[in-house]
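In: starting from these lines, generate the structure:
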Amino acid sequence: MNRTLLIPLLAGLLLGSSAVAMAGNDGQDRASELVSSDKQYRSAWQQAVKHEQRLPDWVLNLSGDSDAMSAVPKKDGDNYLVGEVCETKAACRNNRVIVAFSWDKTHAYALWVQVPAGLPEDKDPASHAYYRWLGDPDEGMQALLKEQLRKDQNWY
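Out: Numbering: from 1, shown residues only. As a prediction, the model looks like this:
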């Protein structure tokens, strides 16, 4: 094969393969991936749950299902990377953790929300939920995490 034909062909193959790789990654961080991929986030999360008892593995490891995280300012002006991890996508209404990492990756806080399985759809999940704070959040952080929960259109 002619060298002048081979170079554009190889360049096209490389560009095509990088486009496929990028399509699988939307560039958004997910809480379930942060702890496994970044040791600073992992350290902050381990510190938050260090003294907690009776946490399931998916909470200890933040290894459930999650969507993209977002930057959220706290009223004191600090920014946090906030997201949600569910035990499974199907069970998100019943078992989820809303997590916030400080911008400098040194602190993590969370609100673990459990709603009884089988709660009828017409029942208010907020009234039947069990809430557990992780990482000893102050009142401002608790308000931030509760506000994230209220943004869920199925939470009332």
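In: switch to C-alpha atoms for all contacts and neighbour counts from now on
Out: Will do.
In: I'd guessed C92 sits against C86; true?
Out: Yes: look at C92 against C86 with CA atoms under 8 Å: they come within range, at 5.0 Å.
In: these two: who's more crowded?
Out: Just comparing C92 and C86: by other CA atoms under 10 Å the higher neighbour count belongs to C86, 25 against 19.
In: tell me the contacts of that one?
Out: By CA atoms under 8 Å, 6 or more residues apart in numbering, the contact list for C86 reads G64, D65, S66, C92, N95, R96, V97.
In: and the second one, how far from K89?
Out: For D65, the distance to K89 under the criterion CA to CA, to the nearest Å works out to 6 Å.
In: who are the contact partners of the residue nearest the centre of the chain?
Out: Residue closest to the average C-alpha location in the chain (CA atoms, centre = their mean): A31, at 2.9 Å. A31 is in contact with L62, S66, D67, A68, M69, V82, G83, E84, V85, V99, counting by CA under 8 Å, 6+ apart.
In: try 10 Å this time
Out: Each residue near A31 by CA atoms under 10 Å, 6 or more residues apart in numbering is listed here: 41, 62-69, 81-85, 97-101.
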